[in-house]
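Engineer: Sequence and predicted structure are below.
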Amino acid sequence: MSEAPIRVIAADPARIDPVALEQLRGTATLDGIERVVGLPDLHAGRGIAVGAAFWSPDRLFPHLVGSDIGCGMALWETDLPVRKFRPDKAERSLHGLDTPWEGAGEDSEGGAALGTIGGGNHFAEFQRIERIVDDARFNALGFRADRLWLMVHSGSRGLGQAVLDHWRARGCEGGLAATGADGIAYLADHDRAAGWAVLNREIIARRFCAKLGLAGECRLDILHNSVTPHRGGWLHRKGAAPADRGLVVIPGSRGDFSYLVEPLADHADDALHSLAHGAGRRWSRSDAHAKLSRRFKASDLERTALGGRVICEDRRLIFEEAPEAYKDIHDVVGALVGAGLVRVIALLRPLLSYKTRRT
DNA sequence: ATGTTC
């Protein structure tokens, strides 16, 4: 079987991570994979590159979706005029969000984790609309620029992990025939985990709003780890946002802006109808910790260059997830714009980023 | 990424 073509969309092709590129090559040689795309946030993952999409005509590859099935971004508009947002007060109010949600049934699947953010790069962040680039479109959507917004990044926690573990134990790395019994069973597991992840983000958003006494409405929820039917085959996205499900928000880092973008259709197929899902890591977790813990105290990182505040009572994580550990979001979105894949609608400024609090 | 974590 010949190697599938690989297309990488990058801000600066000379600076594509060679390790990530080698990982893309590894996936391009899989029997049954016919197209591979790297997005501008491409970076090395644990075996599989993150920021990538993979198309197969007839096979499902659970390990190309990974363990955090259904992980994605939700963006909510609250009813609070942003001028009334008090970060000090909010910081004092945001307690009890790492413990199980009261509404989770004890025997429901993944019940204890439902409504909690988790670790790694997951977060909830209050934001304001910094700048509207496309006024007509923003207004047509009925969005309000003067309100407090809330972004949630989380996934399927232990449930998605259990699904991948189950299929890995059965030897799924060569893929599963999509129409076979195993393929159908995996898809059912995948869809259940993805549905759980969407619900998890909704509950997280509602819990955060409730702590501040706010009402809120979900404006978008998009998955960046998934496999879906696509043009007669199967599209695997590993840290890749969909370009065929409406508006997308692309987070920068806790110290930079997030972009609200509208996917454009004309060149979408070049990128397998996929987009960057964030800025992408510039430094590995261990490098970020090593470099930054030498230069800064953890408390130095509780405020960002944009004036936002950070709640992260995990001393290792606050270094691992520092803005410096991520690529420049403006370059990443610039590459998407340059490739004709998106139009920018608006930029959002982080006001308060919540990672974790000790309980 | 992870009801993780020697």
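Structural biologist: That came through, no problem. Numbering: from 1, shown residues only, chains lettered A, B, ... in the order given.
Engineer: Look at A:D314 and say how many residues are nearby.
Structural biologist: A:D314 is flanked by 15 other residues according to other C-beta atoms under 10 Å. Every residue, glycine included, has its C-beta placed from N, CA and C.
Engineer: and A:R343, bridged to which residues?
Structural biologist: Under DSSP bridges, the beta-bridge partners of A:R343 are A:E262.
Engineer: Show the pLDDT at the closest residue to A:E109 other than its chain neighbours.
Structural biologist: Counting by C-beta to C-beta, 6 or more residues apart in numbering, A:L159 is the residue found nearest to A:E109 once chain neighbours are left out, at 6.2 Å. pLDDT recorded at A:L159 is 96.
Engineer: what residue ranges in chain A score low on pLDDT?
Structural biologist: Applying pLDDT under 70 to chain A picks out residues A:1, A:106.
Engineer: ok, which residues in it are in contact with DNA strand B?
Structural biologist: A:46, A:50, A:67-68, A:71, A:110, A:112-113, A:118-122, A:154-155, A:157-158, A:161-162 (C-beta under 7 Å from any atom of the strand).
Engineer: Would you mark the buried spots in stretch A:133-144?
Structural biologist: A:134, A:137-138, A:141, A:143-144 (16 or more other C-beta atoms under 10 Å).
Engineer: Quick check: the farthest pair among those residues?
Structural biologist: The distance between the two most remote of the buried residues of stretch A:133-144 (C-beta to C-beta) is 15.3 Å, for A:D134 and A:R144.
Engineer: Now the host helix or strand of the residue nearest to A:E109 - C-alpha only, CSV.
Structural biologist: Using DSSP states H and E, A:L159 maps to helix A:157-169. Written as CSV, here are the backbone C-alpha positions of helix A:157-169 (Å, rounded to 0.1, in the frame of the first residue of the first chain):
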residue,chain,number,x,y,z
ARG,A,157,-12.7,12.3,30.8
GLY,A,158,-12.5,8.7,31.9
LEU,A,159,-15.3,7.6,29.7
GLY,A,160,-13.4,8.3,26.4
GLN,A,161,-10.3,6.8,27.9
ALA,A,162,-12.2,3.6,28.8
VAL,A,163,-13.5,3.4,25.3
LEU,A,164,-10.0,3.7,23.7
ASP,A,165,-8.5,1.2,26.3
HIS,A,166,-11.2,-1.3,25.4
TRP,A,167,-10.6,-1.1,21.7
ARG,A,168,-6.8,-1.0,22.1
ALA,A,169,-7.0,-4.2,24.1
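Engineer: thinking again about what came up before, can you tell me how far the residue nearest to A:E109 is from A:G105?
Structural biologist: 14 Å (C-beta to C-beta, to the nearest Å).
Engineer: quick one: contacts for A:R219?
Structural biologist: A:75-77, A:141, A:143, A:247 (C-beta atoms under 8 Å, 6 or more residues apart in numbering).
Engineer: again, only using 10 Å
Structural biologist: Residues near A:R219 by C-beta atoms under 10 Å, 6 or more residues apart in numbering: A:74-77, A:141-143, A:149-150, A:246-247, A:249, A:260.
Engineer: got it, and A:H190?
Structural biologist: A:H190 touches A:60, A:62, A:65, A:69-70, A:156, A:160, A:163-164, A:167, A:225-228, counting by C-beta under 10 Å, 6+ apart.
Engineer: Just confirm it is within a helix.
Structural biologist: Yes - under DSSP: H, G, I helix; E, B strand; the rest coil, A:H190 falls within a helix.
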